[in-house]
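Asker: For reference, the sequence and a predicted model appear below.
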Protein chains: 2
Amino acid sequence: MEELNYKEYLNKYGMKSTKQRNLLLNILKNIKIPHTAEQIYLKARKSDALVNLSTVYRILEKFTEKKITLRTSFMDEKCVYSLFPTTHQHQLICLRCKKVILIGGCPLKEFEKTVEKQTDFSIVNHRLELYGYCRDCQKIIAAN
Amino acid sequence: MEELNYKEYLNKYGMKSTKQRNLLLNILKNIKIPHTAEQIYLKARKSDALVNLSTVYRILEKFTEKKITLRTSFMDEKCVYSLFPTTHQHQLICLRCKKVILIGGCPLKEFEKTVEKQTDFSIVNHRLELYGYCRDCQKIIAAN
DNA sequence: TTGCAAATGCAAATTATTTGCAATAATATA
DNA sequence: TATATTATTGCAAATAATTTGCATTTGCAA
């Protein structure tokens, strides 16, 4: 994992460039699925730069506030963090192996309009996750 | 709030009829929006029948396992419980006052089929919540 | 290079939830 | 109806995730 410096990027958000923040950004760029604060912390510990778990929480909190990261929590599970997606997308989560696949093509635009008319709410956001079993886990389940 | 006895109903699920369970069922039938375990506990304390908070957790856990109740957690918030909806529906949540409106007419059937084809997942479930501002809160926000 | 605010580390606090265990209550059955 | 059996409850203590207070360190602007 190449060591990068995100000073400019961080300063743009009014944050100082620290080795901990650079490290976390680097980790976040390299993970393919959302990770918990603890998982990120454990990855961080493997590098030279030492980081404290509360610092990880604090950094992720600030990142989330600035929309650098997205914080989600699946059904009954702890929060996970990932870089904030640049395009609108949702998550498809395997209930067995917890693998996450990102899917585009959100079908909710029209539905939201209908609901707004019905309810007088002004809808600003939604949360959609799909749950199922990935191909591998389907096989494993079928074999038992 | 009328005191009812759900003995038959509970036995059907292989559960004994206890005053705590009857009380919780009664509370659940009477609430219009999902409540946290603690909120339910506080309502329970107002009745004659005393209940312990861990008992509330244990009952709600069992109810949820039996699909008597639905356990959800909104963005970053603690779990809430409600009677398991008899029809498929989703929640529309006011970001200001936390009011919840239930909406039917889920638009995801077709979308799920498309995603299944794209991804080889077998989709068994989804979670959809809409967030926005209710009419009252829109007014309050506009007035500031 | 110095000064100051922001960021960090550490330990301790909080919050929601769960668990162990002894006491109690509900049901089945004698 | 009494009794045995087992589930359920209450209580206190444990756990797990996350947050906070405070002293120290660090980044950056002047």
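Answerer: The structure has been received and is ready for your questions.
Asker: Show me the beta-bridge partners of the most centrally placed residue in chain A.
Answerer: Centroid-nearest residue in chain A: residue A:82, 2.6 Å away (criterion: Cα atoms, centre = their mean). With DSSP bridges as the criterion, the beta-bridge partners of residue A:82 are residue A:70.
Asker: So which bits of chain A are right by DNA strand D?
Answerer: Those residues of chain A that sit near DNA strand D, judged by Cβ under 7 Å from any atom of the strand, are A:7, A:10-11, A:16-19, A:36-38, A:53-54, A:57-58, A:61, A:78-79. For the C-beta atoms, the positions are set from N, CA and C on the backbone; glycine is no exception.
Asker: hmm, back to that, my read is that the residue nearest to the centre of chain A contacts residue A:33, right?
Answerer: Yes - contact status for residue A:82 versus residue A:33: in contact at 7.3 Å, counting by Cβ atoms under 8 Å.
Asker: So which of the residues of chain A next to DNA strand D sit within strands?
Answerer: Using DSSP state E, the subset of these located in strands is residue A:79.
Asker: Quick one: list the elements packing against the biggest strand by length in chain A.
Answerer: Longest among the strand segments of chain A by residue count, using DSSP E, is strand A:122-133. Taking 3 or more Cβ pairs under 8 Å, 6 or more residues apart in numbering or on different chains; DSSP states H and E as contact, the helices and strands that strand A:122-133 lies on are strand A:90-94, helix A:109-119, helix B:109-119, strand B:122-133.
Asker: which of the ones you listed sits most buried?
Answerer: When you average the neighbours per residue for each of the helices and strands packed on strand A:122-133 (mean count of other Cβ atoms under 10 Å in any protein chain shown), strand A:90-94 leads with a mean of 23.
Asker: Next, see if the helix or strand following that one gets close to chain B.
Answerer: Scanning forward in sequence from strand A:90-94, with DSSP states H and E defining helices and strands, the next element found is strand A:100-103. Yes - using Cβ under 8 Å from any Cβ of the partner chain, strand A:100-103 reaches chain B at A:101, A:103.
Asker: same thing with stretch A:24-35?
Answerer: No - judged by Cβ under 8 Å from any Cβ, stretch A:24-35 makes no contact with chain B; its nearest approach is 14.3 Å.
Asker: Not counting its own residues, what contacts that stretch?
Answerer: Contacting residues not belonging to stretch A:24-35 are listed as A:1-4, A:6, A:9-10, A:40, A:43-44, A:51, A:56, A:59-60, A:63, A:68-70, A:72, A:80-83, A:91, A:99-100 [Cβ atoms under 8 Å, 6 or more residues apart in numbering or on different chains].
Asker: And that stretch, what's buried?
Answerer: By neighbour count, with 16 or more other Cβ atoms under 10 Å in any protein chain shown as the criterion, the buried positions of stretch A:24-35 are A:24-28, A:34-35.
Asker: what residue ranges in chain A score low on pLDDT?
Answerer: For chain A, the stretches with pLDDT under 70 are A:1-4, A:74-76.
Asker: DNA strand C contacts on that one?
Answerer: Residues of chain A lying close to DNA strand C by Cβ under 7 Å from any atom of the strand are A:15-16, A:18, A:20-21, A:50-52, A:54-55, A:58-59.
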